[in-house]
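Peer 1: When you get a sec, could you give me coordinates for this:
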Amino acid sequence: MKLSILDISIVAFYIIAVLVIGFVMKKQAAKNIKSYFSRWE
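Peer 2: Below you'll find the model as predicted:
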């Protein structure tokens, strides 16, 4: 199976997006556990 540049870029973008979201959520949870969950209230 040969992946094109488009396929590789989509996978790379997804991995970077998941990492960024994870770090943002971690930072939010580190501030205050209530502020972490109040986002969905």
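
Peer 1: counting contacts, what elements does the helix ranked longest in the chain pack onto?
Peer 2: Counting residues, the longest helix in the chain under DSSP state H turns out to be helix 5-31. Packing partners of helix 5-31 (3 or more C-beta pairs under 8 Å, 6 or more residues apart in numbering; DSSP states H and E): helix 33-37. C-beta here means a position set from N, CA and C on the backbone, and glycine is covered the same way.

Peer 1: Let's test this: mean pLDDT of the longest helix of the chain, rounded?
Peer 2: What helix 5-31 shows for mean pLDDT is 91.

Peer 1: buried residues in it?
Peer 2: In terms of neighbour count (16 or more other C-beta atoms under 10 Å), helix 5-31 has no buried residues at all.

Peer 1: Now do that helix: distance to the chain's middle.
Peer 2: 3 Å (C-alpha atoms, centre = their mean, to the nearest Å).
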